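[1] Give me a model of this one.
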Amino acid sequence: MLRTLDLQAVSLLVLAPIIGSFLGVVVRRYPAGETIGWSRSRCEGCGTVLASRDLVPLISWAAMLGRCRYCRQRLGWFYPAIEIAALLVALIAVAIDDASRAWLDCVLGWWLLTLAWIDLRQWVLPDVLTLPLIVVGLAAAAVFDPDNLLDRALGAAVGYPTLRGLAWVYRSLRQREGLGGGDAKLLSAIGGWLGLAALPEVILAAALGGLAVAGVLRLAGARLRASSALPFGPFLALPAWVVWMCGSVSLQ
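    Numbering: from 1, shown residues only. Okay, here's the model as predicted:
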């Protein structure tokens, strides 16, 4: 049994950078309307179609010192960064949970990572990613935690109108948009995974995180005005996964 669990954990860690590479493709291509599964990867500098040896997560980038094999243009840190982030999610999951449940931890962590990164780059949380996350969360509850399925369903049902209500209050007070519909759908998905009681905790942590980042930016010299804004998705995603993992710790 121990060997089986170890094999599952190792498999998850080996797979994590590969998943991260795929997530990078989604983050870059989907908001731009490009196909994800069928078009070959190309160098953004010279347009050369990349061979399999150029696409090994982390290893290819490190072997070529972060440059294209063909034109020697710098490739940037985007892909290694998201591959490392995906691996970090897996490492935390394996360290905290048993190997079988760690897969579920990673599904949520990788999904939230993708949404947060898209929001940071494009200021959008696509329905094609937020809405299925609600369904998957409720399905996971039905299979792995049926006793709390009602609480998860209530979390999903309450999450959307809660954030839409906060957005209405903000718009009424400030006369401008502050929270989008994508943020509300993401909170609904979070409720479907964490349950109703976790929503206030996630919202509070997200708000405090946003204020902390704004404070750091101000100290760093950024000029923040009343009209300045930050994408809210990452501030919802991170505490949601932390709360989920803390729940895993409490079950140990």
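[2] Need the residue closest to the centroid of the protein.
    Taking CA atoms, centre = their mean, the centroid of the chain lies closest to Leu113, which sits 1.7 Å from it.
[3] Helix or strand for that one, just tell me which one.
    In the assignment (DSSP states H and E), Leu113 maps to helix 99-122.
[4] List the buried residues for that helix?
    Within helix 99-122, the residues that count as buried by 16 or more other CB atoms under 10 Å are 99, 102-119. For every residue, glycine as well, the C-beta is placed using N, CA and C.
[5] Give me the nearest residue to Leu50, chain neighbours excluded.
    Using CB to CB, 6 or more residues apart in numbering and skipping the chain neighbours, the partner closest in space to Leu50 is Ser41 (4.7 Å).
[6] is it true that that neighbour touches Leu55?
    Yes - in this structure, Ser41 is within contact of Leu55 by CB atoms under 8 Å, at 6.1 Å.
[7] what do these two both touch?
    Shared contacts of Ser41 and Leu55, defined by CB atoms under 8 Å, 6 or more residues apart in numbering, are absent.
[8] low-confidence ranges in the protein?
    1-5, 37-38, 175, 178, 224-228, 248-252 (pLDDT under 70).
[9] got the residue ranges for the helices in it?
    In the chain, the segments counted as helices under DSSP state H are 2-29, 59-63, 78-96, 99-122, 127-144, 149-174, 181-194, 199-219, 233-250.
[10] so of the ones you listed, which one's packed in deepest?
    Highest mean neighbour count of those: helix 181-194, a mean of 26 (counted as mean count of other CB atoms under 10 Å).
[11] helices or strands up against it?
    Where contact means 3 or more CB pairs under 8 Å, 6 or more residues apart in numbering; DSSP states H and E, helix 181-194 is packed against helix 99-122, helix 127-144, helix 149-174, helix 199-219, helix 233-250.
[12] go again using 6 Å as the cut-off
    In terms of contacts (3 or more CB pairs under 6 Å, 6 or more residues apart in numbering; DSSP states H and E), helix 181-194 is packed against helix 127-144, helix 149-174, helix 233-250.
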